[in-house]
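Peer 1: A predicted structure for the sequence below; I have some questions about it.
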Amino acid sequence: MRLAVSTLGMPGDGLDRAVEIAVAAGCAGLELRLHPDTGVHAGLDEAERASVRERVAAAGLEIAALAGYTRICAAGDPGTPGLLADLELAADLGAPGVRVFPGGDDLDLGARRLREVAPRALELGVRVLVETHDALPTGRAVAALLERAALPEATAALWDALHPWRHGEAPAETLDRLGPWLAYVQIKDAVSAADTTPVPLGTGSVPLRECGELLRTAGYGGWVSLEWERTWYPRVAPVEEILPGASAWVATYAKE
């Protein structure tokens, strides 16, 4: 496993500060949230894109993924145009994948949109990462979408350790359902299934030990990103205080 940290945990900090935090914590990568507030978004011009890529690479880091906000299964979301723009940005920045949310539960719509962007994704060498989130929070639900789209080279699953568990799906089932689709993992801890206030890893209720053992047994060797949601919970500790726990978690469960 390789540790990344999401810039969702660094509200108000620019890219240079995010790079500094990641390097100091021994991270291998950054997960870049796509939003005007972060300075990284599809509206960047060619020179700005080159600058982002060069600044990250100069620090010895990789861009693990771009965290986009397309809601692939939601009828009210523009869907394909925005996702195509994010995929182009990912290719320019050297990121291997773009995170999307389900948004809704229309599997036919989601599968159609995934098929629409797949040719371009394949050309660019970038995958669409569908997160276990909102209307499709479980491994079972996301796998059903990906199986319907049937695009294993262009699409993959992102396992957010919180959401399947808090919706009643055991980690073993999540991993079993996602199976060959799994390409990215986000770790976090929270007070409880009902109270998702972030807490330091290992001090809350998310079964992170079980998740880690399962991933190690399965031989998972991909990215693990700390998604510390300080943007949504501004009173929690700075991400710098949480990263040592994430580094220790990856070191404990990395495949031998």
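Peer 2: Nice, I can see it. Numbers count the residues shown, from 1 in each chain.

Peer 1: OK, contacts around residue 149?
Peer 2: Residues near residue 149 by CB atoms under 8 Å, 6 or more residues apart in numbering: 110-111, 114-115, 118, 155. Quick note: C-beta positions are derived from backbone N, CA and C, even for glycine.

Peer 1: who's in contact with the residue nearest to residue 199 when sequence neighbours are not counted?
Peer 2: The shortest distance from residue 199 to any non-neighbouring residue, by CB to CB, 6 or more residues apart in numbering, is to residue 189 (5.2 Å). Residues near residue 189 by CB under 8 Å, 6+ apart: 198-206, 208.

Peer 1: got a winner among those for most neighbours?
Peer 2: Neighbour counts for the contacts of residue 189 (other CB atoms under 10 Å) peak at residue 206, which has 25 neighbours.

Peer 1: right, and that residue touches residue 163 too?
Peer 2: No. Checked against CB atoms under 8 Å, the pair residue 206 and residue 163 is beyond contact range at 9.9 Å.

Peer 1: sorry, back to before: quickly note the distance from the residue nearest to residue 199 to residue 135.
Peer 2: Distance, residue 189 to residue 135, by CB to CB, to the nearest Å: 23 Å.

Peer 1: Buried residues, the longest helix along the chain. List them.
Peer 2: Secondary structure of the chain per DSSP state H: the longest helix is helix 107-124. Within helix 107-124, the residues that count as buried by 16 or more other CB atoms under 10 Å are 107, 109-115, 117-118, 120-121, 124.

Peer 1: TSV for those, including pLDDT?
Peer 2: As requested, the buried residues of helix 107-124 are exported to TSV (pLDDT from 0 to 100):
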residue	pLDDT
107	98
109	97
110	98
111	98
112	97
113	97
114	98
115	97
117	98
118	98
120	98
121	98
124	98
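
Peer 1: Within the sheet, what are the partner strands of the biggest strand by length in the chain, with directions?
Peer 2: Across the chain, the longest stretch assigned as strand under DSSP state E is strand 62-71. Strand partners for strand 62-71, identified by DSSP bridges, are recorded as strand 29-33 (parallel), strand 97-101 (parallel).

Peer 1: What helices and strands are in contact with whichever helix or strand comes after the longest helix of the chain?
Peer 2: Sequence order places strand 127-131 as the next helix or strand after helix 107-124, per DSSP states H and E. Strand 127-131 is packed against strand 97-101, helix 107-124, helix 139-149, strand 155-160, strand 182-187, with contacts defined by 3 or more CB pairs under 8 Å, 6 or more residues apart in numbering; DSSP states H and E.
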